[in-house]
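**Student:** build the 3D model from these lines:
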Amino acid sequence: MATQIARIGGTATVEIPEELLRRANLSIGDPVEWTLTPSGALALRTPNCADESAMEEGYEEWALAEIQAGLAEAEAGQTVPHEKVVEWLRSWGTEHELPPPL
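**Tutor:** Sure, this is the predicted structure:
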């Protein structure tokens with residue numbers, strides 16, 4: 001079951017297999033958004049989901065803990081210089097792709 005992304009003019013279109021739509025309780029044509037789960041997986045949901053219990057339990061606590069951990073790392077000086085990140089990103093898709101900077 002593969003999800004495909006296609007560019008049509010200035011718009012990116014995502015083709016989602018019907019089985020995934022059924023599992024996410026969505027219909028063809030429904031607006032959707034991808035949500036990162038605490039396990040690091042992507043999940044589909046409607047953007048205006050009134051039933052917040054449909055989101056994976058503990059997501060907000062996990063997200064807040066990740067943000068706080070990132071801020072603590074930055075305050076402790078555990079950062080990567082902007083120039084190294086840009087150099088790494090520019091190498092993507094080339095024959096000489098660099099490893100992520102540490």
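**Student:** now do the strands in the protein.
**Tutor:** Using DSSP state E, the strands of the chain run over 4-8, 11-15, 33-36, 42-45.
**Student:** out of those strands, which gets nearest to Glu97?
**Tutor:** Minimum separation from Glu97 across the strands of the chain (Cβ to Cβ) falls at strand 4-8, 20.4 Å. Quick note: C-beta positions are derived from backbone N, CA and C, even for glycine.
**Student:** how much space between the residue most central in space within the chain and Glu18?
**Tutor:** Compute the mean C-alpha point of the chain, and by Cα atoms, centre = their mean the closest residue is Leu36, 5.5 Å away. For Leu36, the distance to Glu18 equals 23 Å [Cβ to Cβ, to the nearest Å].
**Student:** contacts for stretch 66-80, please.
**Tutor:** Residues from elsewhere that reach stretch 66-80, judged by Cβ atoms under 8 Å, 6 or more residues apart in numbering: 101-102.
**Student:** give me the mean pLDDT for the longest helix seen in the chain.
**Tutor:** Using DSSP state H to define each element, the chain has its longest helix at helix 59-75. Averaged across helix 59-75, the pLDDT comes to 86.
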